[in-house]
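*Asks:* Need a 3D model of the following:
(chains A and B)
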Amino acid sequence: MAKRPAVQPALHKVIMVGSGGVGKSALTLQFMYDEFVEDYEPTKADSYRKKILLDGEDVQIDILDTAGQEDYAAIRDSYFRSGEGFLCIFSITEDESFLSTAEFREQILRVKNDENIPILLVGNKCDLEDRRKVSFQEASDRAKQWGVPYVETSAKTREHVDKVFYDLMREIRARKMEENKTSNGKGKDKSKKKKRICRIL
Amino acid sequence: MEFSKEPNFELLTAEDFSPEKYVKKLSQNYVGGSELQSLRRKIQGLSEETSSNLKKNVYENYIQFIETAKEISHLESEMYQLSHLLSEQKALLNCLSATSILEDVQPVNIDRDNKVNEKDLEEENKQKIAAILEKVEGCQELLKVPGRIFLYEGDLLEIEPTENTALKIVHVYLFTDSFMITTRNSNSRGLMKYIYESIYDLSSLAVVNVRDLGNVKHAFKLLIFPDTRVFQCSSNSNKKEWLDKFDQAKKTRLAQEQQKRESISEKSPTRVSFESPSYNPFDEVEEETSALHPEWFVEIPEELDVCVAQRHFEEALSLLQKAKEYLNQASSASGDKRDTVFTDIQRKVEQRQNNLTEVLMKELEVNPDKSLQGGLRAARRAVRLLNQLGRETQSCTLFLKLCSSMLRTQCKRVKREGSTTTYIKHLSSVVFTNMCHMSDEFLRAFPDSPACASAYVVWASNELLQFTTHFIKQVFMPQTSLSTVTECIVLVRHQCERLYVYGLDLCYQLDGALRSSLMKALKDARDKLIDSIKLRVLDDKWIPINLHSKSALSRCVQEYSQMGLTNVGSYVSGDTWLQLTASTLSFTKMFLNLLNDCMKLKTTELMYTIDETLYNVFEAQVRHNENALRSELNQDQRNFLTKNAEFLLVSLMQVVQKKYEEKVGYECPTLAKLQKEYVALQKGVSPASRSTKAKYASEFI
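*Replies:* Numbering: from 1, shown residues only, chains lettered A, B, ... in the order given. As a prediction, this is how the structure comes out:
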């Protein structure tokens, strides 16, 4: 990082996880291009990159929009390994998608082998209040239990869309700074090693 | 006291046992270090025993678990069979309900086409992979995984994942199960265009479509922990192609796995109800069954294909035997419990065996396009392998067919040039030398097989029959003299005897085949000789021969004495005269030649004809003498005539009988009779009993 700070702004890798059809791609596209896509087409795996200004600092965000219906657990592991922060998304109109967030989180923790990996629990489709199945209280209880923030978003109305990405990036940035400070200490070697490799390359 | 007791299981496993207290008590009681140490040793012994018991128990539990799993798999396969039966019956019913014949035929054809296509594809894939092996340096090992199918290849530009700068151009290959990256080989201009860089297993490789990466267009990402590699395609459509191919690879793989699972257990409704998605006992069972067989066994059908294609027949055979051994072992070990992988491979192995047999039989088949240059030696390998495959009968038949065709071509090469004798000499030597070689080869190829041996005998006799038919056509022609025929037959007999070494005596058959022709030849010769005698006697003036010079006379005497007629000298009168007629002398010579030929031809079955021939010819001459005696002649001539008759009936007869006896073992009965009949001639008297003689003669005709 110290070698060429001017050339490349910091890169934060965010991964969108959640069951199929909860709106991962919709959120991503809204964030990237300010547009809402009505048609649903299952994603395989798409990646996006964008330069943004985070608290006065130029950074790059790399978004990996994963497939909700990935058949291979091994491939899903590969996705997760590459992430520095996760948006764990469910649809507030669908109980099952909320239930499966627990599975996704477990998998993230297992793959990253890191209890403190930045995760945001995101309840999407909050514009569809009349079809709500998961109460705000229920979701924020779970988030509290995990020790992560809970945010409700709407990819359609763009409510809190920027917030979830920016909040997650702040957390990632904070984690990185913390790790840099203790880079000579023990630290979480796995994620740190990875990050260093990226930088040096 | 309690603590002074020896440590044992009861004490240590007691409910109120507290190790701390126990040790305290012990240390209070035992002061000596050695005592404590021995106690410690005992306790250690106990602990070791416990741990070994524990191990044993764990092991037993495990075995029980495995047995249960096997039992479940067995049940599973039964369920599968049931469901299979049901589906079969359903298909049958459907078939019956579809009454049209045409409709039935069509799907069958389509099915066959599909199979052909599959085979073609397989072949294509093999070729493609071979081509890759030639092009890419250092990837030999990696491409040897069977069942790997090539999907796509192309040039891509690798991009630095964080800085978006171009790194290098790579050439990549996509297979059904893996992704191989190669770089350009700048050093070599030869075949090896690329150098192998890395290969990734598709199951752990995540493909990400890069939708937006600043100014980098048409890119996709591969997440291969811990690496992330970004590749740029030449165009969006190219990228789409790549992503589709990746998707296709993944889908085929999924489908394959699904198929595997389904082949083990078709989902029955009862199963679905109690099955939980996270834990499927049958899946584990399935893994166990496929793991039951070693890898080489699972791959054996493909290996066999390769061996046969490369004509490594021996290797294929040994593989087959290995597989069979394993199959036998496995089937006897598991009884009637067989998993589908096993039966599938068993079926495949059988099919491959048939395939191998077919290929080998093709090798042996007689084909007009195929050169017979290698001879039988070239057939050795195929015959041996077929025998090892237990196809002795077939290989024997093919081998003999091959022999026949070789024999035929060899015979065709023998040109009819020069005299009949030279031709026959050449031909018979070719035929019988070849037959000897073939016998050699045959005995080598089929050493202990009675069935094949009898087939060989039949073959040999057939070949001989062919030969004799040809021989008869060539030799027994009206213009061929008896001595030529004799010479030819002696030659062939001699050749035929060469087969004795192989325990094959075809002489009897040869004689049998030639007998009728020979009889006819003998009769022809007899008629010819009688005709020539008749012609000669017409000029007979009954005067002694004048040889005009002493030397000519002595030469003549010597010539006849060499033939065995030592007493010709006693007929000499004056300086140049011989007291015998010219016809007597030439008859003597001719008859001795006939006798020689007859003796060479003699077989037990021919004796009758030979005797008759000799009698008839001799009689023709003697009758001439008799006729002359009956006609009006002066006394001198009568004496001379009697002398001639005496020479024929005594001197010549003696020599003839001697020669005959030498060959046959007894005197010729017909000639002896003739001698008796004409005994009166010697005394100048014509025999009285004409009637008996005529009757006798008629008997012989």
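*Asks:* Tell me where the chain is predicted with low confidence.
*Replies:* No chain was given, so I picked chain A. Across chain A, the ranges flagged by pLDDT under 70 are A:1-7, A:70-72, A:183-201.
*Asks:* please go with chain B instead
*Replies:* Checking chain B against pLDDT under 70 turns up B:1-7, B:31, B:98-119, B:140-146, B:187-191, B:262-293, B:333-339, B:367-375, B:632-634, B:684-701.
*Asks:* Which single residue of it ends up nearest chain A?
*Replies:* For chain B, the residue closest to chain A is B:Ala206, as judged by C-beta to the nearest C-beta, at 3.8 Å. All C-beta spots, glycine's among them, are computed from the backbone N, C-alpha and C.
*Asks:* Distance check, that residue against A:Tyr48.
*Replies:* Per C-beta to C-beta, to the nearest Å, B:Ala206 is found 16 Å from A:Tyr48.
*Asks:* Could you do B:Thr486 as well?
*Replies:* With C-beta to C-beta as the criterion, B:Thr486 and A:Tyr48 are 108 Å apart.
*Asks:* B:Ile195 is in what secondary structure piece?
*Replies:* Here B:Ile195 sits within strand B:194-201, counting by DSSP states H and E.
*Asks:* counting contacts, what elements does that strand pack onto?
*Replies:* Using 3 or more C-beta pairs under 8 Å, 6 or more residues apart in numbering or on different chains; DSSP states H and E as the contact test, the elements touching strand B:194-201 are strand B:136-137, strand B:178-184.
*Asks:* now the angle from it to strand B:178-184?
*Replies:* Orientation check (axes from the mean of the first three to the mean of the last three C-alpha atoms, to 10 degrees): strand B:194-201 against strand B:178-184 gives 160 degrees.
*Asks:* C-terminal to strand B:194-201, what's the next element?
*Replies:* strand B:206-213.
*Asks:* In terms of secondary structure, what does that next one contact?
*Replies:* Checking 3+ C-beta pairs under 8 Å, 6+ apart, strand B:206-213 ends up next to strand A:45-54, helix A:73-81, strand B:219-224, helix B:236-264.
*Asks:* Highest mean neighbour count out of those?
*Replies:* strand B:219-224 (a mean of 22; mean count of other C-beta atoms under 10 Å in any protein chain shown).
*Asks:* For the residue of chain A found nearest chain B, give me its contacts.
*Replies:* As assessed by C-beta to the nearest C-beta, chain B sits closest to A:Ser78 within chain A, at 3.8 Å. Applying C-beta atoms under 8 Å, 6 or more residues apart in numbering or on different chains to A:Ser78 gives the contacts B:204-206, B:223-225.
*Asks:* What residues are bridge-paired with the residue of chain B closest to chain A?
*Replies:* Counting by DSSP bridges, B:Ala206 is bridged to B:Leu223.
*Asks:* residues near it, how many?
*Replies:* Using other C-beta atoms under 10 Å in any protein chain shown, B:Ala206 is surrounded by 28 other residues.
*Asks:* Also B:Asp155?
*Replies:* B:Asp155: 13 neighbours (other C-beta under 10 Å).
*Asks:* Backbone torsions only: list them for residue 154.
*Replies:* Just so you know, I chose chain A. Main-chain torsions, A:Ser154, degrees, to the nearest 10: phi -140, psi 110.
*Asks:* switch to chain B, that's the one I care about
*Replies:* According to degrees, to the nearest 10, B:Gly154 has phi 170, psi 170.
*Asks:* what's the answer for the one 3 residues further on, then?
*Replies:* Its backbone dihedrals place B:Leu157 at phi -100, psi 120, with angles given as degrees, to the nearest 10.
*Asks:* Quick one: residues contacting it.
*Replies:* If you count contacts by C-beta under 8 Å, 6+ apart, B:Leu157 has them with B:166-170, B:231-232.
*Asks:* hey, where'd the helices end up in chain A?
*Replies:* A:24-33, A:73-81, A:95-112, A:136-146, A:161-181, A:189-200 (DSSP state H).
*Asks:* and the first one, what other elements does it pack with?
*Replies:* With contacts defined as 3+ C-beta pairs under 8 Å, 6+ apart, the secondary structure elements packing on helix A:24-33 are strand A:10-17, strand A:45-54, strand A:57-66, strand A:85-91, strand A:119-124, helix A:161-181.
*Asks:* Kindly calculate the angle that the last one makes with strand A:45-54.
*Replies:* Compare the direction of helix A:161-181 with that of strand A:45-54 by the same axes, to 10 degrees and you get 80 degrees.
*Asks:* Could I get the CA-only coordinates of helix A:161-181 as CSV?
*Replies:* Listed next in CSV are the C-alpha coordinates belonging to helix A:161-181 (Å, rounded to 0.1, in the frame of the first residue of the first chain):
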residue,chain,number,x,y,z
VAL,A,161,-29.2,1.7,-0.7
ASP,A,162,-26.2,3.9,-0.5
LYS,A,163,-26.2,3.6,3.3
VAL,A,164,-25.7,-0.1,3.4
PHE,A,165,-22.8,0.0,1.0
TYR,A,166,-21.1,3.0,2.6
ASP,A,167,-21.7,1.6,6.1
LEU,A,168,-20.1,-1.7,5.1
MET,A,169,-17.2,0.0,3.5
ARG,A,170,-16.6,2.1,6.6
GLU,A,171,-16.5,-1.1,8.6
ILE,A,172,-14.1,-2.7,6.2
ARG,A,173,-11.9,0.3,6.2
ALA,A,174,-11.9,0.4,10.0
ARG,A,175,-10.9,-3.3,10.1
LYS,A,176,-8.1,-2.7,7.7
MET,A,177,-6.7,0.2,9.7
GLU,A,178,-6.9,-1.8,12.9
GLU,A,179,-5.1,-4.6,11.3
ASN,A,180,-2.4,-2.3,9.9
LYS,A,181,-1.8,-1.0,13.4
